[in-house]
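Visitor: how does the following fold in three dimensions:
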Amino acid sequence: MTKEEFTKLAQNMVILDGATGSNLMKAGMPRGVCAEQWILEHEQSLIDLQRAYVEAGSQIVCAPTFGANRINLSMHGLQDQLGDMNKRLVEMSQRATEGRAYVAGDMSTGGKRIGSSEEATYEEAYERYREQITFLVSAGVDLLIVETMISIDETAAALEAAQAVCDLPVLCSMTVEADGSLFFGGNVLEAMETLQEMGASAVGINCSLGPDQLEAVVSNLKKIARVPVIAKPNAGLPTINEKGEALYSMEPEDFGYYMKKLADAGAGVIGGCCGTTPEYIRQMCRQVMELSV
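Guide: Here you go, the predicted structure:
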């Protein structure tokens, strides 16, 4: 997919997928394991989920490469398999979607504030992303998504790394508090200004909150946006049960209702994060797009 093709697609509402991790946990993935390795050992769970997202209306599905970077894989002694794992995970999503949806190479934060230590530098982040992006592009992803980001600097490093490797569209999504503030300082409005100026194809928010808490944030983003605004919230706020499991408060129909509000407020690239399932995406499409899917 070229940047021009994404721009044309985004002339209408773009539908992303929903959660991956919370659904795989329901399918039996234990806590604390390397999710990417578990997925490779349980391919059908991921394929079934992503096929269901496509059936529900998703136009873009994220390959399960969220944590397939050197930092995360090193925690499990798998850093030497980085290239092979990214390739196989992308191929799995390509088999799942069967050409009916675009496959995005998915990346996230290293979890450390740039400048907080001698190791946590802009250069380190840039090289880490460049390494993973090189493998994702080689595997044939259609676009790149950098999501659940907690600082502007690290997101900028990922975007710059992507631009050094390829000319694919890059969607950048931050996780925020209800007032739009970022966990490592600054706010999502500053992120929008910086990242769209750098050449991101879309910028917005994902995770952390439910759609009922984000209407003002989306509206404020739309006022300054020159690129599509992303909204990919959780299924409401979670509560933790006695087993340590996260239970999300919002039902699919309510999720669709509030996603319609976010679309009316200016979101142009929409989906779901933690706690959402294909039924949430189906309800979102029905209410936002007035589709019978």
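Visitor: I'd say Tyr248 and Leu237 touch.
Guide: Yes: counting by Cβ atoms under 8 Å, Leu237 is a contact partner of Tyr248 at 7.5 Å. For glycine as for every other residue, the C-beta is placed from the backbone atoms N, C-alpha and C.
Visitor: overlap in contacts, the two.
Guide: By Cβ atoms under 8 Å, 6 or more residues apart in numbering, Tyr248 and Leu237 have these common neighbours: Gly210.
Visitor: look at these two and report which has more neighbours.
Guide: Between Tyr248 and Leu237, counting by other Cβ atoms under 10 Å, Tyr248 is the more crowded of the two (20 against 16).
Visitor: for that one, name its beta-bridge partners.
Guide: On the basis of DSSP bridges, Tyr248 is bridged to Pro238.
Visitor: now for the helix or strand bottoming out on mean pLDDT in the chain, which elements pack on it?
Guide: Lowest by mean pLDDT, DSSP states H and E among the helices and strands of the chain is strand 238-240, with a mean of 83. Using 3 or more Cβ pairs under 8 Å, 6 or more residues apart in numbering; DSSP states H and E, the elements in contact with strand 238-240 are strand 246-248.
Visitor: ok, and what's touching the strand it packs on?
Guide: Outside strand 246-248, the residues touching it (Cβ under 8 Å, 6+ apart) are 22, 210, 234-241, 274-276.
Visitor: end-to-end on stretch 223-236?
Guide: This stretch, stretch 223-236, spans 25 Å end to end (Cα to Cα, to the nearest Å).
Visitor: same deal with stretch 104-116?
Guide: Stretch 104-116: ends 30 Å apart by Cα to Cα.
Visitor: and if you look at stretch 55-67?
Guide: Counting by Cα to Cα, you get 26 Å between the two ends of stretch 55-67.
Visitor: quick one: average confidence on it?
Guide: Stretch 55-67 shows a mean pLDDT of 98.
Visitor: tell me which residues of that stretch are tucked away?
Guide: Buried residues in stretch 55-67, defined by neighbour count with 16 or more other Cβ atoms under 10 Å: 56-67.
Visitor: and if you look at stretch 64-81?
Guide: In stretch 64-81, counting by 16+ other Cβ under 10 Å, buried: 64-73, 78, 81.
Visitor: do the same with stretch 86-93
Guide: 86-90, 92-93.
Visitor: just give me the closest of those residues to Leu168.
Guide: Val90 (12.8 Å; Cβ to Cβ).
Visitor: wasn't that closest one part of a helix?
Guide: Yes: counting by DSSP: H, G, I helix; E, B strand; the rest coil, Val90 is found in a helix.
Visitor: begin at 41, not 1, for the rest of this chat.
Guide: Right, with 41 as the first residue, what we last looked at is Val130.
Visitor: mind checking how far it is from Gly61?
Guide: 18 Å (Cβ to Cβ, to the nearest Å).
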